[in-house]
Structure formats: C-alpha cells, structure tokens
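Chemist: Starting from these lines, generate the structure:
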Amino acid sequence: MRSGLSPLDLRKRTFSKRLNGFDQTEVTQFLESLAEDLEDLYRKIDEQEREISRMRDEIARHRENEATLRETLVSAQRSADSLRDHADREARAIITEAERQSERLMQQAMERAADIDRKIRELRIERRNFQIKLQGMIDLFQQVLNFDREDDELEASLTTMRAKKSDSAS
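Modeler: Numbering: from 1, shown residues only. Below you'll find the predicted structure:
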C-alpha cells in the first residue's frame with residue numbers, strides 16, 4: 001500500500017546544485033515538512049490498519065459467538081422439542097394407565113356390587129326359609145300345647161268323671 005518513498009528518504013535526499021537553482025534551505029524545509037506529513041500519514045495508516053485488524057478480530061469473535069449462539073439455540077430448541085415430545089408421550093402413557101386402572105376399578109366395583117346383590121338375595125332367601133321354619137316350629141309347638149291342653153282337659157274331665165263315679169258308687 002505504501003509507496004517506496006519513506007520520510008527518511010525525503011530527509012536524506014540531496015539535489016545537485018545549479019546556478020540559479022532552488023533555495024537549498026527552502027527545499028530542505030519543504031522536504032522536512034513533507035517527511036513529517038508523510039510520517040503522520042504512515043502513522044495514521046498503521047493505526048488504521050491495527051484498528052481494522054482489531055475490528056476484524058472482533059468481528060470474527062462476534063461471528064464465532066453468533067455461530068455458537070445459533071448452535072446453542074438450535075440445540076436448545078431440539079432439547080425443548082425432545083422434552084415436550086417425551087412429556088407428551090409420558091402424559092399419554094399416564095392417561096392410558098389411569099384409564100385402564102379406572103376401567104379395572106369400575107369392573108371390580110361392578111363385580112362387588114353384583115356380589116353384594118347376590119348375597120342380599122341369598123340372605124333374603126335364608127331369612128324367608130328361617131321364617132318358614134320358625135313358623136313351622138311355632139305351629140308345631142302350638143299343636144303340642146293344644147295337644148297338652150286337650151290332654152289336660154281330657155284328664156281333668158276323666159278325673160272329674162271318676163270322682164263323680166266314685167261319689168256315686170259310694
């Protein structure tokens with residue numbers, strides 16, 4: 001980028017002398033001034049090149065960070081999608097298991113209700129049979145009591161007749 005002429009070249013440059021030529025002091029001052037301007041210009045160019053290099057490095061770091069962030073975001077999105085899919089699958093499995101368990105419990109409850117109904121019917125039949133047997137026993141006891149009463153009445157009447165017969169025979 002730089003030309004082959006340096007500030008030092010300007011300072012060391014000498015010119016041949018001629019008659020009615022340029023004022024040597026003036027030319028030297030001009031060359032010195034030009035060398036200083038060139039030196040300032042080179043210094044600014046160096047500073048600009050360092051700044052450009054620094055900015056390029058910074059841009060490269062930003063691009064690397066951007067790429068890393070993109071990869072991280074993509075990875076995070078994949079992880080989130082994976083977690084959501086896993087959670088959905090797990091939720092469906094839990095719901096399915098809950099439905100199965102609910103059906104199982106409902107079936108057990110229905111079976112138990114049927115067992116209770118059956119036992120109630122059996123107990124009603126048993127109660128009815130007991131009532132029939134009890135009524136039969138009561139009837140039997142009533143007959144025995146009636147028989148005993150009739151027997152007592154018959155014996156009492158026989159005793160009364162015997163006593164009347166013995167009173168009349170005496």
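Chemist: burial measure for Arg13, as a count.
Modeler: 13 (other Cβ atoms under 10 Å). (C-beta placed from N, C-alpha, C; glycine too.)
Chemist: my read: it touches Glu32, true?
Modeler: No - using Cβ atoms under 8 Å, Arg13 is not in contact with Glu32, being 10.5 Å away.
Chemist: which residues are common contacts for those two?
Modeler: Common contacts of Arg13 and Glu32 (Cβ atoms under 8 Å, 6 or more residues apart in numbering): none found.
Chemist: what's the spacing between the host helix or strand of Ile138 and its chain's center?
Modeler: Here Ile138 sits within helix 24-169, counting by DSSP states H and E. A distance of 12 Å separates the centroid of the chain from that of helix 24-169, by Cα atoms, centre = their mean, to the nearest Å.
Chemist: Mind pulling up the pLDDT for the residue nearest the centre of the chain?
Modeler: Nearest residue to the geometric centre of the chain (Cα atoms, centre = their mean): Ala87, 5.6 Å. Looking at Ala87, its pLDDT is 97.
Chemist: What average pLDDT does stretch 113-124 get?
Modeler: Stretch 113-124 shows a mean pLDDT of 97.
Chemist: before we move on, what about stretch 6-26?
Modeler: On average, the pLDDT along stretch 6-26 is 77.
Chemist: Show me which residues of that stretch are buried.
Modeler: Applying a neighbour-count criterion of 16 or more other Cβ atoms under 10 Å, one finds Pro7, Leu10 buried in stretch 6-26.
Chemist: Against which helices or strands is the helix holding Ile138 packed?
Modeler: Identification of packing neighbours for helix 24-169 by 3 or more Cβ pairs under 8 Å, 6 or more residues apart in numbering; DSSP states H and E yields helix 7-12.
Chemist: got the contact list for the helix it packs on?
Modeler: In contact with helix 7-12 (Cβ under 8 Å, 6+ apart) are residues Leu31, Glu32, Leu34, Ala35, Glu36, Leu38, Glu39, Tyr42.
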